[in-house]
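Visitor: next comes the sequence, and after it the predicted model I'd like to discuss.
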Amino acid sequence: MIRIVLWAHQLLAEVLSPGDTAVDLTAGNGADTLFLARQVGTAGRVLAFDIQHQALRNTADRLAAEGIAGNYFTSPEDLPGVPGVCLIHDSHDRLDRYLDGPVKAFVANLGYLPGGDPSLITRAGSTLAAIRQALELLVPGGRLAVVAYVGHPSGGDESRQVDALLQGLSSRHWHIVRLQVVNRDDAPYLLVVEKR
């Protein structure tokens with residue numbers, strides 16, 4: 001069966017085109033950032049957020065292995081408004097300081113950095129703030145994909161709060177899909193939100 005992250009990529013690929021702007025809310029080891037960069041091409045723009053230097057280094061290394069440059073930024077004032085991949089050492093709940101224009105796709109893998117310190121995890125407060133900002137910045141037809149991992153400390157609470165936020169969105173303005181393995185309690189699941 002296809003891994004849940006690959007489902008996220010497939011559903012985002014349906015709406016992404018060269019030249020689009022896309023955002024990875026949790027850069028991690030760079031798989032999502034690389035996927036987004038390939039989708040939007042050299043004419044597009046990708047912003048990848050993470051609070052861990054190691055995550056951004058891992059992402060930069062993954063991009064470089066594929067011949068894609070990733071440039072580091074730590075403040076909105078330094079960020080150029082030109083195409084390319086921007087690796088941002090900041091929390092995803094500050095994304096509205098870095099973006100003021102429309103975004104075609106957002107992706108987030110909640111939890112902790114694989115291979116990193118498992119005590120450094122995404123938290124409901126910053127995740128909900130980032131999702132709210134992402135929903136405001138999405139263009140009609142744009143999508144947000146969130147992979148929720150419930151098997152780590154506070155993962156269950158974070159995912160329940162994300163579920164509640166998204167379930168409260170009006171069906172007149174949003175389509176929301178949930179993909180989940182139903183015979184495993186701690187399996188990650190995917191939420192995809194499309195702005196109508």
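Guide: On my side now, so go ahead.
Visitor: so which elements touch the longest strand belonging to the chain?
Guide: Longest strand of the chain, by residue count under DSSP state E: strand 138-148. Applying 3 or more C-beta pairs under 8 Å, 6 or more residues apart in numbering; DSSP states H and E, one finds that strand 138-148 contacts helix 4-13, strand 103-109, helix 124-137, helix 155-167, strand 189-195. For every residue, glycine as well, the C-beta is placed using N, CA and C.
Visitor: so which of the ones you listed is the most surrounded?
Guide: Of all the helices and strands packed on strand 138-148, strand 103-109 has the most neighbours on average by mean count of other C-beta atoms under 10 Å, namely a mean of 26.
Visitor: who does it pair up with?
Guide: When pairing is defined by DSSP bridges, strand 103-109 lines up against strand 21-24 (parallel), strand 138-148 (parallel).
Visitor: by how many degrees do the last one and helix 4-13 diverge?
Guide: Taking axes from the mean of the first three to the mean of the last three C-alpha atoms, to 10 degrees, strand 138-148 and helix 4-13 form an angle of 170 degrees between their directions.
Visitor: picking that back up, how about the helices and strands packed on strand 138-148, which one is nearest residue 92?
Guide: helix 124-137 (3.9 Å; C-beta to C-beta).
Visitor: roughly how far out does that closest one sit from the chain middle?
Guide: 11 Å (C-alpha atoms, centre = their mean, to the nearest Å).
Visitor: ok, residues contacting it?
Guide: The contact list for helix 124-137 (C-beta atoms under 8 Å, 6 or more residues apart in numbering) reads 23, 25, 91-93, 95-96, 99, 101-103, 106, 108, 110, 144, 146, 154, 157-158, 161-162, 165-166, 169, 174, 193, 195.
Visitor: on that earlier part again, pull out the buried residues from the longest strand of the chain.
Guide: 138, 142, 143, 144, 145, 146, 147, 148 (16 or more other C-beta atoms under 10 Å).
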